[in-house]
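# What shape does this take:
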Amino acid sequence: VPEIPGLIPSVPTVTPENPGKDTSVPYNPVKDPDKVTTVEGKQIIHFVDGDNNKPLKDPNIQTYEFKITNGVPNESSHTFTLVNVPVIPGYVAEIKSAGGKTVTPDKPLAEVTVVYHKIGKIVPVDPNGNPIPNVPTPSYANDPTDPTKVVPNEPVPAIPGKTPDKTTVTPVDPTKDTPVVYKNDKVPPAPNTQKAVVNFIDVNTGKIISTSGILSGRPGEDINKLFSSAEVIKQLEAAGYEVVYNAFDGDGVTKYFDNDGNTVQQFTIALKLKEKAKTPDPVLPDPEVPVEKETRSEQPVKQNVAVPTPEKPVEKKTTDNKEVLPQTGADSNEAATILGAVATAIGMTSLIGAKRRKKDDK
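Model (predicted):
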């Protein structure tokens, strides 16, 4: 059959049954191929700070593709799904969910903006409503399950020396600050505290060799319950000292704190180093003229037994009304007796030494 441009024959060849007659061959027009195009539908959800229109996080984007064949779309429209609005710390959103917009091939873009606002704070104020300077002003805490809310019953900050009028806050509007009134605590009167000290003094040098440190208590309280000299004396005796007198707990009389807060009660325990026994030098007889000689001991060393006098003597009295020495707490009679005995002993020792020197001179 003949070729005709733009037409397609119904049969490619003809075999006529009657050569004297014509044969009809139908021709059909040639069809163009299908023209297919696509259109992208899109839903964009923006998350912004409503106070300055600043993006707070990346947008949520959903897409859908329309297919158009020879100008006919496969769908006339498409509806996107709703999305849950995210929780952004420090902000609350105006809505819980967003999206669900419908697009068409002619209007393929849908945009949604979710607006957030900064959350409020707990603001401590004085009774006149003035903000208290230099104190914490904590922001509300976000509700982790709801972007439009904050956590209820939030604790107010602790401020030393002040008491709030409420202990928790549940804001009505999470974007507004909540003032909390604080009042100054009442300052309790200072206790009438008394002080005392027990000093261990070397009578020969006048120096303090140990001390109890400052002992504190209320007037009339038992000082002996706070400190005992026994352990210190044990240590000093091990170091070669011996007690001369103990004006704190040597007499068994309980010492009490007085009612004078301007001075420190002082008690003294006096000690001295023990004298070591000395071995006399051996005296050998003269080989020519045997003479029996009397051995002579060394002269005794005179010990300074004077009781050291503090720079600023403070006359103290114990509760049993006994007169005590300044800064020692020692009974004056007791101290006098001890010093007298020591002086007598020194005099006797000096006398014996003098007699022995005379004998040796002969």
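
# going forward, measure contacts between C-alpha atoms and count neighbours the same way
Will do.

# Am I right that residue 119 is in contact with residue 176?
Yes: taking C-alpha atoms under 8 Å as the definition, residue 119 is a contact partner of residue 176 at 6.9 Å.

# more neighbours, those two?
Taking other C-alpha atoms under 10 Å, residue 119 and residue 176 do not tie; residue 119 has more neighbours (22 against 14).

# Nearest spatial neighbour of the more buried one, chain-adjacent residues omitted?
residue 175 (4.3 Å; C-alpha to C-alpha, 6 or more residues apart in numbering).

# how much space between the one you found and residue 50?
12 Å (C-alpha to C-alpha, to the nearest Å).

# quick one: common contacting residues for the two?
residue 117 (C-alpha atoms under 8 Å, 6 or more residues apart in numbering).

# the more surrounded of the two?
Each of residue 175 and residue 50 has its neighbours counted (other C-alpha under 10 Å); residue 175 has more, 21 against 17.

# For stretch 77-84, buried residues please.
77, 78, 80 (16 or more other C-alpha atoms under 10 Å).

# what do you get for stretch 249-256?
Buried, per 16+ other C-alpha under 10 Å, within stretch 249-256: 249, 255, 256.

# How about the contacts made by the closest residue to residue 143 other than its chain neighbours?
Setting aside the residues directly before and after it, residue 143 is nearest to residue 150 in space (C-alpha to C-alpha, 6+ apart), at 4.5 Å. By C-alpha under 8 Å, 6+ apart, the residues touching residue 150 are 92, 140, 141, 142, 143, 174.

# Could you single out the nearest of these to residue 164?
Comparing those against residue 164 with C-alpha to C-alpha places residue 140 closest, at 17.2 Å.

# next one: phi and psi at the closest one?
phi -60, psi 160 (degrees, to the nearest 10).

# Would you check that it makes contact with residue 118?
No: taking contacts as C-alpha under 8 Å, residue 140 lies outside contact range of residue 118: 9.9 Å.

# Need the overlap of contacts for the two.
residue 90.

# between the two, who's got more neighbours?
Of the pair residue 140 and residue 118, residue 140 is the one with more neighbours under other C-alpha under 10 Å, namely 29 against 19.

# related to what we said a few turns ago, closest one of the contacts of residue 150 to residue 102?
residue 92 (26.8 Å).

# give me the beta-bridge partners of the closest one?
Beta-bridge partners recorded for residue 92 (DSSP bridges): residue 117.

# next one: the one 5 residues further on
For residue 97, the beta-bridge partners under DSSP bridges are residue 84.

# again, but for residue 49
According to DSSP bridges, beta-bridge pairing links residue 49 with residue 54, residue 116.

# Let me know how buried it is, in neighbour terms.
18.

# Tell me where the model's unsure across the stretch 201-350 of the chain.
Scanning the stretch 201-350 of the chain for pLDDT under 70 picks out 276-350.

# go again using 80 as the cut-off
275-350 (pLDDT under 80).

# Could you pull out the helices in it for me?
Here the stretch 201-350 of the chain has its helices, by DSSP state H, counting those that start in this stretch, at 230-238, 332-361.

# Just the CA trace of the first one, in CSV.
What follows is the C-alpha trace of helix 230-238 in CSV, where atoms were taken according to Å, rounded to 0.1, in the frame of the first residue of the first chain:
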residue,chain,number,x,y,z
ALA,A,230,45.2,14.5,132.6
GLU,A,231,46.3,13.6,129.0
VAL,A,232,48.5,16.7,128.5
ILE,A,233,50.1,16.2,131.9
LYS,A,234,50.8,12.6,131.0
GLN,A,235,52.6,13.7,127.8
LEU,A,236,54.6,16.4,129.6
GLU,A,237,55.7,14.0,132.3
ALA,A,238,56.9,11.6,129.7
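
# who are the neighbours of it, in terms of helices and strands?
Counting contacts by 3 or more C-alpha pairs under 8 Å, 6 or more residues apart in numbering; DSSP states H and E, helix 230-238 packs against no other helix or strand.

# now do 10 Å
When contacts are defined as 3 or more C-alpha pairs under 10 Å, 6 or more residues apart in numbering; DSSP states H and E, helix 230-238 packs onto strand 194-202, strand 208-211, strand 241-246, strand 265-273.

# Can you give me the buried ones in it?
In helix 230-238, the ones that count as buried by 16+ other C-alpha under 10 Å are 233, 236, 237.

# what's the answer for stretch 60-74, then?
In stretch 60-74, counting by 16+ other C-alpha under 10 Å, buried: 64, 66, 67, 68, 73.

# Show the average pLDDT along the strand or helix carrying the third one.
Put plainly, it is residue 67. If you go by DSSP states H and E, residue 67 is part of strand 54-69. On average, the pLDDT along strand 54-69 is 96.

# Can you list the helices and strands that that strand packs against?
strand 36-49, strand 78-79, strand 97-99, strand 109-118.

# For residue 37, see how far away residue 70 is.
From residue 70 to residue 37 the distance is 8 Å (C-alpha to C-alpha).

# ranges for the strands of the stretch 151-300 of the chain?
154-155, 162-164, 168-169, 178-184, 194-202, 208-211, 215-217, 241-246, 265-273 (DSSP state E, counting those that start in this stretch).

# Chain neighbours aside, what residue packs nearest to residue 47?
residue 114 (4.9 Å).

# Can you get me a residue count around residue 39?
Neighbour tally, residue 39, other C-alpha under 10 Å: 16.

# What of the one 3 residues further on?
Applying other C-alpha under 10 Å, we find 22 residues neighbouring residue 42.

# list the contacts for it?
61-65, 78-80, 101-104, 107-111 (C-alpha atoms under 10 Å, 6 or more residues apart in numbering).
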